[in-house]
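K.L.:
Build me a model from this:
(one chain, ligands or ions: 1)
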Amino acid sequence: MKIPNHVGIIVDGNGRWATKRGKSRSEGHLAGVKNLDNLCQYIFDKGIKVLSLYVFSTENFKRSAEEVNYLMDLFVKKFKKDFKTFSKQGIRIVFSGRREPLRQEILDIIDEITIKTKDNQKGILNFCINYGSHAEIIDACKKIVNDSNNGKINIDELDEDLFNQYLYNDLPSLDLLIRTGGELRLSNFMLWQAAYAEFYFTNTFFPDFNEKEFDLALDSYNNRDRRFGGINYEKKDN
Ligand code: FPP
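P.N.:
Numbers count the residues shown, from 1 in each chain. From the prediction side, this is the model:
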């Protein structure tokens, strides 16, 4: 079984999961968070080293203030809980996204957890919150221009590896990108990092995306022929 190094999940469908059951959207998000608790542990136990979770896009601020506030409260609790669980296991927790307009309470917890887990080596849990890939690339470009103007870097030396270091976090490329909830799009998630990712889309709403469902995604990943633009000479049909 090939185990991907970096898995990304677009956590989608909590609201629709709830509506289908006559529950409020908040109950859906709560069910999504509970599911994440089990799933993250399972994923790290499988030997995956980096897990990126798209839990709030820059565009999600367009939702009602009530939903946004509910989610932010939920995230604070979730981050604190994951810090307790994962820092003991040597997992580093990082966050990707723009700070503005996240509220101070979130920024404080993000900063605290980032610093406290920075030396952990066993794996990385990356929460993408107030994240947008275009914004990430633009922010990186601004920092690069600044460093070039200040003589910190020589622009002729800019290559993929150096560019990657200017992103919110210097993470390896995505190997497997999963989107739950039935939509077939990336919604501005890790466009740079997904250049050669294998995609797995499922209709399952996130609260039902359990260990078994994750194994189906892994099976599918194992059946892919990753060529990275080359040719797999071991396969006759190429
Ligand atoms: C991208 O679609 C999907 C996301 C950024 C995930 C959003 C998930 C939540 C807000 C729920 C939070 C998760 C937990 C565990 C509580 P999009 O909605 O930004 O864009 P689209 O309109 O293209 O689908």
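K.L.:
Show me which residues of this structure are close to the ligand?
P.N.:
10-12, 14, 29, 32-33, 36, 54-57, 59-60, 71, 74, 183, 185, 187 (Cβ under 6 Å from any ligand atom). Where you see a C-beta, it was placed from the backbone N, CA and C, and this is true even at glycine.
K.L.:
Write the PyMOL selection for whichever of those are buried.
P.N.:
Per 16 or more other Cβ atoms under 10 Å, the buried members of the residues of the chain next to the ligand correspond to this PyMOL selection:
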select buried, resi 10+11+12+14+29+32+33+36+54+55+56+57+60+71+74
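K.L.:
Tell me which of the residues of the chain next to the ligand fall in strands.
P.N.:
Judged by DSSP state E, those include Ile10, Tyr54, Val55, Phe56, Ser57 as members of strands.
K.L.:
Which other helices and strands does the longest helix anywhere in the chain contact?
P.N.:
Ranked by residue count and defined by DSSP state H, the top helix of the chain is helix 65-87. Using 3 or more Cβ pairs under 8 Å, 6 or more residues apart in numbering; DSSP states H and E as the contact test, the elements touching helix 65-87 are helix 25-45, strand 50-57, strand 91-96, helix 104-116, strand 123-131.
K.L.:
contacts for stretch 50-63?
P.N.:
Outside stretch 50-63, the residues that touch it by Cβ atoms under 8 Å, 6 or more residues apart in numbering are 5-11, 36, 40, 43-44, 68, 71, 75, 96-98, 101, 123-132, 135, 171-172, 174, 187-190, 193.
K.L.:
now swap in stretch 159-170 and tell me
P.N.:
Outside stretch 159-170, the residues within contact range by Cβ under 8 Å, 6+ apart are 94-97, 124, 126, 131, 136-137, 139-141, 143-144, 153, 171, 192-193.
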